[in-house]
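Undergrad: return a 3D structure for these sequence lines:
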Amino acid sequence: MLRRLTEDLERGKLPADALLDGLLIFIAGAVLLTPGLITDALGFFLLLPAGRAGVKKMVAARLQKRGVVTDRDVIEAEWHREDHRS
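TA: Next comes the predicted model:
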């Protein structure tokens, strides 16, 4: 995860995927410290790359459904400046 983070930063790319992986690994560690069989299963699930990929797909689908994330790369807009001097 750290290697991907530094590679993305060196390329000038936003490291959102690597940061989300880091967050999920942190959550997995916190959940594993919590006693219980279900929390242990969830923690180990989040430690697996396939488990994190599934969670990331669910988060992305939910964000797209809410309109927070779109598939568009370019946002076009026009603006002009108005100076109001008295």
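Undergrad: point out where this structure drops to low pLDDT.
TA: The chain contains residues with pLDDT under 70 at 68-75, 86.
Undergrad: how about 80 then?
TA: 1-2, 14-15, 63-64, 67-77, 79, 83-86 (pLDDT under 80).
Undergrad: quick test: name the residue nearest the centre of it.
TA: L20 (3.7 Å; Cα atoms, centre = their mean).
Undergrad: where does it fall, secondary structure wise?
TA: helix 16-33 (DSSP states H and E).
Undergrad: what does R52 give?
TA: helix 49-66.
Undergrad: how far away is the residue nearest to the centre of the chain from Q64?
TA: 15 Å (Cβ to Cβ, to the nearest Å). C-beta here means a position set from N, CA and C on the backbone, and glycine is covered the same way.
Undergrad: go on, G36?
TA: For G36, the distance to Q64 (Cβ to Cβ) stands at 32 Å.
Undergrad: how many residues are close by the closest residue to L14 other than its chain neighbours?
TA: Nearest in space to L14, with sequence neighbours left out and distances taken as Cβ to Cβ, 6 or more residues apart in numbering, is D8 at 7.1 Å. Using other Cβ atoms under 10 Å, D8 has 16 other residues around it.
Undergrad: run a quick neighbour tally on L37.
TA: Residues within reach of L37, counting by other Cβ under 10 Å, total 7.
Undergrad: check contacts around it.
TA: Not one residue lies near L37 by Cβ atoms under 8 Å, 6 or more residues apart in numbering.
Undergrad: got phi/psi on it?
TA: Main-chain dihedrals, L37, degrees, to the nearest 10: phi -70, psi -40.
Undergrad: relative to L23, how far out is L63?
TA: From L63 to L23 the distance is 14 Å (Cβ to Cβ).
Undergrad: A60 too?
TA: Distance of A60 to L23, given as Cβ to Cβ: 14 Å.
Undergrad: and for G54?
TA: Distance, G54 to L23, using Cβ to Cβ: 15 Å.
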